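Enquirer: Quick one, what's the 3D model for this:
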Amino acid sequence: MLLQDQKTHEEICIEKYTNYAGQAQDPQLKDMFNTYAGQEKQHLNTINQILSGSVPQMGGGAQNQQAKQQSNQQAVQNKGNQTGMSNQNDAKLCNDLLMTEKYVSGTYDTAIFEFADSDIRNVLNHIQKEEQQHGEGILNYMQNSGMYSIQQ
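Expert: Okay, the predicted model is just below:
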């Protein structure tokens, strides 16, 4: 049942990122949302593989690629945000997706602890880490755009 829930969460994330990429005003934000939609599709494929009885292999190459994408997105965000291209609609989209990522990451926490198979736990942990990176990317974008302020 937990995997079915995660499958539904991933489907909703794909739908949101895809729809919001079409609504976003800032081109850098559109790119970030499209990138995240693609990664959410990979998460859905991984969950479907687990549901079909196989254990996907999570190689270091995928993690290195993810880190590179995060680094590139950070550079694009910083460059784009220096032009002050924020608006209320983009702020609403970011807020909704940040809340979504916080929730989805938390649900993976429960799923990870419920599996006895350490290989499945590692796969779910990998997905959870990417969800947290999505949240971090959105948060960084919001901070750089003046949409979000963290209390020190």
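
Enquirer: what's N87 in contact with, if anything?
Expert: Shown here is N87, whose contacts under the criterion Cβ atoms under 8 Å, 6 or more residues apart in numbering are Q25, D26. Just so you know, the C-beta spots here come from the backbone N, C-alpha and C atoms, and that holds for glycine as well.

Enquirer: Which helix or strand contains the residue nearest the centre of the chain?
Expert: Nearest to the mean C-alpha position of the chain, counting by Cα atoms, centre = their mean, stands H134 at 3.3 Å. Per DSSP states H and E, H134 falls inside helix 118-144.

Enquirer: elements contacting that helix?
Expert: Applying 3 or more Cβ pairs under 8 Å, 6 or more residues apart in numbering; DSSP states H and E, we find helix 118-144 packed against helix 27-51, helix 60-81, helix 88-114.

Enquirer: Which of the ones you listed sits closest to T18?
Expert: Of all the helices and strands packed on helix 118-144, helix 27-51 sits nearest to T18, with 4.8 Å by Cβ to Cβ.

Enquirer: Number of residues surrounding the residue lying closest to L29 once chain neighbours are set aside?
Expert: In space, and not counting its chain neighbours, L29 is closest to D90: 5.7 Å by Cβ to Cβ, 6 or more residues apart in numbering. For D90, the neighbour count with other Cβ atoms under 10 Å is 21.

Enquirer: need the contact list for D90.
Expert: Residues in contact with D90 (Cβ under 8 Å, 6+ apart) are A24, Q25, D26, L29, S145, M147.

Enquirer: Please work out the average pLDDT along stretch 114-128.
Expert: Computed over stretch 114-128, the mean pLDDT rounds to 94.

Enquirer: got it, and stretch 6-19?
Expert: For stretch 6-19, mean pLDDT is 97.

Enquirer: If you count neighbours, what's buried in it?
Expert: For stretch 6-19, the neighbour count (16 or more other Cβ atoms under 10 Å) marks Q6, K7, H9, E10, C13, I14, K16, Y17, T18 as buried.

Enquirer: Sitting in helices, which of the residues you listed do you find?
Expert: The helices, defined by DSSP state H, take in Q6, K7, H9, E10, C13, I14, K16, Y17, T18 from these.

Enquirer: The fifth one: what's its closest spatial neighbour, skipping adjacent residues?
Expert: In other words, C13. Leaving aside its sequence neighbours, C13 sits nearest to E40 (Cβ to Cβ, 6+ apart; 4.3 Å).
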